[in-house]
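**Q** no FASTA, just this:
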Ligand SMILES: [Zn+2]
């Protein structure tokens, strides 16, 4: 694996839209299109066939003559405003480096390999995330919202696509056949401090968490703070406080990778210093990688809230606000990544992703896995994203090895 090639390409792509404040390649912007042109040239130079779909997703195929299902790998190169150098881009360049190595060394594979460069992964321009992979996976459900979405300057997605040379009304043509891919693998920068805290260069991602959000309303009784005896009160805030602690304790009983819950917002009424709170409305965000565990936690929070309210002779109501589908990654793929780490003697941990990725959508049409690479700064969507050169090398080696294993 030629890692200096990776550093060189990262430098080149980062110079497109890169300033001292960070990377600026918003989806379909001039910089984004320039970076895509750069990539197409690079793909061409390596000698891979490539095509672009109606949304601008790029596919570069290395076929050694087999008619088997494709093993794909990739990520995105669009960024948030003033983003980091590695979010998405590292996955794209590492994937390309792995395919390049396999091609040049004529390493044995029996499945074609494909690099996918997803378009518009970041939601920062049009308010919708992972758009390219949603289209590929046939998950585009809010066509009208997409059609109406505009950026901060009032430019619509339809117009931005037109300016970049695409037709929004053709995007549905880019859904891929369900059995096209055997596996999909994405390498990505860790967007938390997890790997740095664990002191390992890479991680095997077991799943991508999704939030389930609920609103709990406690109906107590507002009363005079001076004349109401303590034992006669139905203080909604006191009830809510007990519930917040209960939610914490219930969540603590779960493995952190399975489910976590947060009360991040609470409103009380009438919210006056001399009135016993009559109503408390709290918002709970439950996350995990298995829908079943999230449901279970939700059920426990529901029963706990009515139990606690009842103890105060008050009542409670719980409403589901939104529920997104979490994504557990495929065991065959995660076991393969793990085996690659072991064989290469690269220390690793298992982790989950709190942030969404294109992999979530690809998981609808194929078996997926993700590799995280340590982010020394622990922050992402920021110019301070930092990865050590040796960690970039380790991540690329794991990706290359796992791709070889999966495509044999
Ligand atoms: Zn990303």
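**A** Cool, the structure landed. These numbers come from a predicted model, not from an experiment.

**Q** quick check: closest non-adjacent residue to residue 382.
**A** residue 84 (5.8 Å; C-beta to C-beta, 6 or more residues apart in numbering). Every residue, glycine included, has its C-beta placed from N, CA and C.

**Q** what sits against the one you found?
**A** Residues counted as contacts of residue 84 (C-beta atoms under 8 Å, 6 or more residues apart in numbering) are 22-23, 189, 380-385.

**Q** residue 161 reaches residue 170, doesn't it?
**A** No. Look at residue 161 against residue 170 with C-beta atoms under 8 Å: they stay out of range, at 9.4 Å.

**Q** neighbour-wise, which one of the contacts of residue 84 leads?
**A** Neighbour counts for the contacts of residue 84, by other C-beta atoms under 10 Å, peak at residue 23, which reaches 30 neighbours.

**Q** around the ion, pick out the residues from the stretch 1-150 of the chain.
**A** 87-88 (C-beta under 5 Å from the ion).

**Q** which stretches of the stretch 1-150 of the chain form helices?
**A** 3-14, 30-46, 89-104, 131-136, 143-148 (DSSP state H, counting those that start in this stretch).

**Q** returning to what we had before: distance of the residue nearest to residue 382 from residue 97?
**A** Relative to residue 97, residue 84 is positioned 19 Å away (criterion: C-beta to C-beta, to the nearest Å).

**Q** check residue 216 too.
**A** Distance from residue 216 to residue 97, by C-beta to C-beta: 49 Å.

**Q** what of residue 362?
**A** 20 Å.

**Q** which one's more surrounded, those two?
**A** Neighbour totals were compared for residue 362 and residue 97, and residue 362 leads with 26 against 23 (other C-beta under 10 Å).

**Q** got the contact list for the more buried one?
**A** Contacts of residue 362 by C-beta under 8 Å, 6+ apart are 72, 133, 136-137, 181, 184, 186, 368.

**Q** what's the answer for residue 298, then?
**A** Counting by C-beta under 8 Å, 6+ apart, the residues that residue 298 touches are 212, 214, 286, 320.

**Q** a strand runs through residue 368, doesn't it?
**A** Yes. The assignment for residue 368, made by DSSP: H, G, I helix; E, B strand; the rest coil, places it in a strand.

**Q** thought it was touching residue 333?
**A** Yes. Proximity of residue 368 to residue 333 meets the contact threshold set by C-beta under 8 Å, at 6.2 Å.

**Q** what do the two both touch?
**A** The contact sets of residue 368 and residue 333 overlap at 183, 185 (C-beta under 8 Å, 6+ apart).

**Q** the residue with the largest distance to the centre of the chain: what secondary structure?
**A** Residue farthest from the centre of the chain, counting by C-alpha atoms, centre = their mean, is residue 227 at 52.7 Å. The local conformation at residue 227, judged by three-state DSSP, is coil.

**Q** the chain should start at 5 in everything you say after this.
**A** Sure, I'll start counting at 5 from here, so that last one is residue 231.

**Q** I figured residue 190 was touching residue 376, is that so?
**A** No. Look at residue 190 against residue 376 with C-beta under 8 Å: they stay out of range, at 9.7 Å.

**Q** these two: who's more crowded?
**A** The neighbour count for residue 190 versus residue 376, taken as other C-beta under 10 Å, is higher for residue 190 (31 against 26).

**Q** quickly list what the more buried one is bridged to.
**A** Beta bridges link residue 190 to residue 374, judged by DSSP bridges.

**Q** contact partners for it?
**A** 77-79, 95, 361-363, 366, 372-375.

**Q** need the per-residue pLDDT for it.
**A** At residue 190, the pLDDT value in this model is 98.

**Q** what's the weakest-modelled helix or strand in this structure?
**A** Ranked by mean pLDDT, DSSP states H and E, the helix or strand of the chain with the weakest confidence is strand 331-332, at a mean of 88.

**Q** picking up where we left off before, can you put the helices of the stretch 5-154 of the chain in a markdown table and add mean pLDDT?
**A** Formatted as a markdown table, these follow (pLDDT from 0 to 100):
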| stretch | mean pLDDT |
| --- | --- |
| helix 7-18 | 96 |
| helix 34-50 | 97 |
| helix 93-108 | 97 |
| helix 135-140 | 96 |
| helix 147-152 | 93 |
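
**Q** helices or strands next to the helix or strand encompassing residue 215 in the packing?
**A** Using DSSP states H and E, residue 215 sits within strand 214-223. Helices and strands touching strand 214-223, as assessed by 3 or more C-beta pairs under 8 Å, 6 or more residues apart in numbering; DSSP states H and E, comprise helix 240-256, strand 283-292, helix 295-315, strand 319-327.

**Q** quick one: average pLDDT of the last one?
**A** Averaged across strand 319-327, pLDDT comes to 92.

**Q** starting at the chain centroid, how far to it?
**A** 26 Å (C-alpha atoms, centre = their mean, to the nearest Å).

**Q** again with stretch 228-244
**A** Taking mean C-alpha positions (C-alpha atoms, centre = their mean), stretch 228-244 and its chain are 44 Å apart.
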